[in-house]
Each structure stands twice: as structure tokens, then as C-alpha cells.
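1. Structure, please.
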Amino acid sequence: MSDTTEPAAAPVPLLVPADGVPPVIETADGVRDAARRLAAGTGPLAVDAERASGFRYSSRAYLVQLRRAGAGTFLLDPIPTVGDLTPLAEAINDLEWVLHSADQDLPCLAELGLRPAALFDTELAGRLAGFERVGLAAIVERMLGFELRKGHGAADWSTRPLPDAWLNYAALDVEVLLELRDAMAKELAAQDKSEWAAQEFEHVRLAGPPQPKPDRWRRTSQIHSLKSPRQLAAVRELWTARDEIARKRDISPSRILPDSAIVTAASADPKSIETLRALPVFGGPRQRRSSRLWLAALERARTLPQSELPPVTQPFTGPPPPSRWAKRDPEAAARLAAAKTAMAELGERVRVPVENLLSPDLVRRVCWTPPSDGTPAAIDAVLADAGARPWQRELTVPILAEAVKAQP
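-> Presented below is the predicted three-dimensional model:
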């Protein structure tokens with residue numbers, strides 16, 4: 001037996017689709033033809049969607065990629081055909097879909113009337129399998145030996161016409177997704193995690209779009225540098241004015257006015273067009289046309305009654321930050337420390353990231369305000385009400401019950 005180790009084979013670059021890049025479907029006739037061919041295919045359906053995040057306000061799909069055994073790959077432009085997708089929905093909505101990071105694409109596909117009957121998420125499968133790198137290219141290389149080169153995922157997919165290089169990239173995203181699904185299913189079965197994955201996939205499939213967070217203006221970059229309620233009110237008014245423009249024009253808010261300019265104006269509080277335009281960004285030709293709009297927003301903040309000013313600290317809707325637990329509730333801090341240690345050990349043992357074992361927020365909530373009797377059954381009920389899946393509860397209820405029992 002040789003004591004030398006064979007070097008790993010270099011991945012094979014995947015540069016073009018095996019059958020070439022298909023033409024983009026832009027008409028109702030094209031949709032009907034694609035629907036007919038996909039319906040005649042076999043097995044699951046590989047799906048991907050391209051948006052224009054960072055360029056557009058909406059999260060709509062500007063290109064949809066589909067691939068099925070026996071049918072081939074299809075690239076659909078949903079913008080001109082948005083009213084004619086019923087035949088496609090009838091052909092594919094009863095199928096199992098294979099996506100990578102499905103939670104990113106399912107909402108924009110649902111807007112088009114496209115919803116899967118079953119789901120396989122290759123990114124989530126990689127997490128459950130304990131892979132350190134779960135990007136599509138990393139998993140494809142590991143499981144199939146192909147190199148998917150980074151390309152145009154962050155491009156402005158609302159561009160028309162779409163460049164040929166972008167379409168090639170888009171087609172490659174579904175080129176081996178079906179083969180990857182089968183390889184990941186075998187990996188999960190070998191680790192005895194198939195049922196865990198099935199529960200996670202179904203949870204993602206039924207989750208729906210994320211609920212908008214309250215007070216989204218508080219996520220403005222650098223807002224932490226502002227200390228007074230009046231300054232925060234200025235940020236809120238400028239952010240709201242910007243958001244209205246962005247929504248109407250379907251342009252990313254940061255392209256209307258950057259966060260840094262909002263914070264600068266809130267801090268400086270200019271009271272005339274001249275002083276506003278003296279600030280960075282506001283003196284530029286595009287912003288000069290909107291000077292009165294921004295100045296009006298600042299004036300609204302300046303004249304708000306004290307009772308309508310936002311608090312400097314956002315009210316908590318759950319437990320306080322863990323850094324404050326030791327002072328406010330030492331027993332809760334001890335419960336959390338014990339739970340986190342045991343959860344980390346569990347994650348190592350079953351080779352699943354801690355955040356996938358159970359939502360960190362849910363762990364904090366149970367440790368901060370445990371059920372009155374602290375029994376495993378009571379904790380299980382709390383987790384179930386919060387949406388934790390059966391496999392998660394089976395693994396984590398004993399940990400949380402022990403942490404609560406040690407620090408009642």
C-alpha cells in the first residue's frame with residue numbers, strides 16, 4: 001500500500017451549457033411551448049430567478065431559468081409575458097422544484113403565480129450535511145467535480161436586452177442543479193438526515209415572503225452616530241421621502257440618495273437650499289433638482305411636537321441584548337450561557353450549524369422567559385408555537401430543559 005496521497009482532481013470548468021444557451025422566451029406562444037415541453041419531461045424541475053437587487057426597488061424576477069430532464073433548459077423573461085404564465089404554472093406547479101437558497105427566489109416566483117408542490121433546497125441541504133461552504137459553486141465542485149465560475153449574479157437584470165454572457169451565466173445556474181439534488185439526497189441519506197431535510201424544505205416552501213420590519217428607517221447606515229430624537233426624526237423624514245420616490249420610480253433607494261447623505265443632513269440640519277447644497281452629495285446635479293423636497297423633509301422633522309419624536313433607543317419586543325442580561329437577570333444569563341454551550345456541543349456532534357438547530361432568537365426567548373413549570377413538555381410547546389420543526393425540538397428540548405432546570 002502506497003503511503004502517498006493522490007492529489008484531488010482539478011474541477012472541470014463548466015463554461016457553457018451542454019446544449020447551448022436557449023433563446024429567451026418573451027411571448028405567450030413561447031410560454032405555451034415551454035409549458036408543453038416541460039410537462040412532457042420527467043422528474044424534478046430545476047429553478048432559478050434573477051432579480052435586480054441594488055438597482056430596483058422591487059424584488060421582482062427579471063429572468064426565470066427552468067430545466068427538466070427530457071425537456072432541456074428554458075430562459076423566461078417574465079416582464080413582457082407576465083399576464084400569460086398560466087400555462088406554465090399548470091405545467092410546473094405540481095412538480096418538485098430544486099433551488100439553491102430557495103427562500104431568496106420563492107417570493108418573486110410566487111408573484112408570477114409559480115409555486116412548487118414540493119421543494120429541495122441544495123443550499124439548505126449543504127448546511128444540514130455540515131458543509132463549511134454552501135454557495136452553489138462550492139457545493140457543485142465538491143459533489144460533482146465541476147467549476148462554476150462567478151459571473152453576473154449581482155448585475156442589473158432589469159437591463160434589456162440582456163447580454164449574451166449574462167444569459168450563459170443564467171443557464172449554467174440550472175445546468176447541473178438536478179444532478180446536484182440527487183448527490184445531496186444521497187449525502188443526507190448517508191448521514192441519516194433525510195427526514196430533517198424534508199421538514200426544513202417544507203418549512204421554507206410554506207413560509208411565504210418575509211414580513212416587513214417596523215421602523216425600517218432605523219436600519220440607515222451610520223444612524224448610531226446621531227444622539228438626539230430630533231436628529232432621528234430628520235432621518236425618518238428623509239428616509240420616508242426617499243422611499244416614496246424609490247417605490248414610484250422602481251429604483252433602489254440608495255440610488256436616489258445614499259444613507260451617508262441622510263445622516264449628514266440630519267446632523268447638520270441645514271435651513272436653506274444654499275446650506276443644504278453645501279453638504280456632500282446634495283450639491284450634485286441630480287440632487288440639486290430635489291433640494292426643495294429634502295429641505296421640506298428636514299423642516300417637517302424640525303417642527304414636530306416633542307411627543308411625536310422617535311425615542312433614541314428602539315423599544316424591545318423581546319429579550320434585551322444578551323450583553324445586558326448579567327445585570328438585569330443573572331439567572332437568565334446563566335441559563336443562556338448553559339444553553340449556548342450545550343447547543344454548540346450538539347452542533348459539533350451532529351454536524352449542523354447551531355443556527356440551523358434552532359433559531360438563536362428562540363433560544364434567547366426561552367432562556368429569558370421560560371415556561372412557568374419549565375418541563376420539557378412545556379418547552380416543546382413553546383418551540384412548536386414558534387414554528388420549530390419536530391427534528392429541531394427532539395434535539396434541543398432536552399438542552400433547554402436542562403438549562404432552565406439548572407437556573408429556575
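2. residues making contact with the lowest-mean-pLDDT helix or strand in the chain?
-> Across the helices and strands of the chain, mean confidence by mean pLDDT, DSSP states H and E is lowest for helix 285-288: a mean of 89. The contact list for helix 285-288 (C-beta atoms under 8 Å, 6 or more residues apart in numbering) reads Leu257, Ala261, Arg277, Val281, Phe282, Trp294. Bear in mind the C-beta positions are built from the backbone N, C-alpha and C, glycine included.
3. so which pair among those residues is furthest apart in space?
-> Within the contacts of helix 285-288, Leu257 and Arg277 form the most distant pair, 13.5 Å apart (C-beta to C-beta).
4. the more surrounded of those two?
-> Leu257 (23 against 17; other C-beta atoms under 10 Å).
5. Need the per-residue pLDDT for that one.
-> In this model, Leu257 is scored at 96, pLDDT.
6. Find the nearest non-adjacent residue to it, please.
-> Arg242 (5.0 Å; C-beta to C-beta, 6 or more residues apart in numbering).
7. For burial, what's the neighbour tally of that neighbour?
-> Using other C-beta under 10 Å, Arg242 is surrounded by 25 other residues.
8. Nearest the geometric middle of this protein, what residue?
-> By C-alpha atoms, centre = their mean, the chain has its centre lying nearest to Gln104, at 4.7 Å.
9. Span of stretch 88-103 from start to end?
-> One end of stretch 88-103 to the other measures 21 Å (C-alpha to C-alpha, to the nearest Å).
10. Can you list the buried residues in that stretch?
-> Leu88, Ala89, Ala91, Ile92, Leu95, Trp97, Val98, Leu99, His100, Ser101, Ala102, Asp103 (16 or more other C-beta atoms under 10 Å).
11. go on, stretch 310-330?
-> Applying a neighbour-count criterion of 16+ other C-beta under 10 Å, one finds Pro310, Pro319, Pro322, Trp325, Asp329 buried in stretch 310-330.
12. Please flag which of those sit within helices.
-> Trp325 (DSSP state H).
13. list the contacts for Leu144?
-> Leu144 touches Val176, Glu179, Leu180, Ala183, counting by C-beta under 8 Å, 6+ apart.
14. swap in Thr220?
-> Val235, Trp239, Asp259, Ile262, Val263.
15. any chance of these in CSV, with distance to Glu111, neighbour count and secondary structure too?
-> Output for the contacts of Thr220, formatted as CSV (distance: C-beta to C-beta, whole Å; neighbours: other C-beta atoms under 10 Å; DSSP: H, G, I helix; E, B strand; the rest coil):
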residue, distance to Glu111, neighbour count, secondary structure
Val235, 30, 24, helix
Trp239, 25, 23, helix
Asp259, 27, 18, helix
Ile262, 29, 27, helix
Val263, 33, 21, helix
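16. distance of the residue nearest to the centre of the chain from Glu50?
-> According to C-beta to C-beta, to the nearest Å, Gln104 and Glu50 sit 11 Å apart.
17. now swap in Gly283 and tell me
-> Counting by C-beta to C-beta, the gap from Gly283 to Glu50 is 36 Å.
18. Check Ala69 too.
-> 23 Å.
19. Give me the more crowded residue out of these two.
-> Per other C-beta under 10 Å, whichever of Ala69 and Glu50 has more neighbours is Glu50, with 24 against 13.
20. Ramachandran coordinates for that one?
-> Glu50 adopts backbone torsions of phi -110, psi 130, taken as degrees, to the nearest 10.
21. ok, back up a step: between the contacts of Thr220, which sits nearest Asp19?
-> Once C-beta to C-beta is applied, the member of the contacts of Thr220 that ends up nearest Asp19 is Asp259, at 44.6 Å.
22. Look up the closest residue to that closest one, ignoring the ones flanking it.
-> Nearest residue to Asp259, sequence neighbours excluded (C-beta to C-beta, 6+ apart): Ser221, at 4.0 Å.
23. can you pull the contacts of that neighbour?
-> Asp259, Ser260, Val263.
24. Then Leu109?
-> Applying C-beta under 8 Å, 6+ apart, the residues near Leu109 are Val47, Ala49, Ala61, Val64, Arg115.
25. Format those residues as TSV; extra columns: distance to Ala344.
-> TSV is the format used below for the contacts of Leu109 (distance: C-beta to C-beta, whole Å):
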residue	distance to Ala344
Val47	35
Ala49	35
Ala61	38
Val64	40
Arg115	37
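26. ok, now how distant is Trp166 from Leu293?
-> 35 Å.
27. Among those two, which residue is more densely surrounded?
-> Trp166 (20 against 15).
28. give me phi/psi at that one?
-> Dihedral angles of Trp166 (phi, psi; degrees, to the nearest 10) stand at phi -70, psi -40.
29. quick one: the closest residue to it other than its chain neighbours from Ile139, how far?
-> Nearest residue to Trp166 in three dimensions, chain neighbours excluded: His152, at 4.7 Å (C-beta to C-beta, 6+ apart). Distance of His152 to Ile139, given as C-beta to C-beta: 19 Å.
30. Thank you kindly, that will do.
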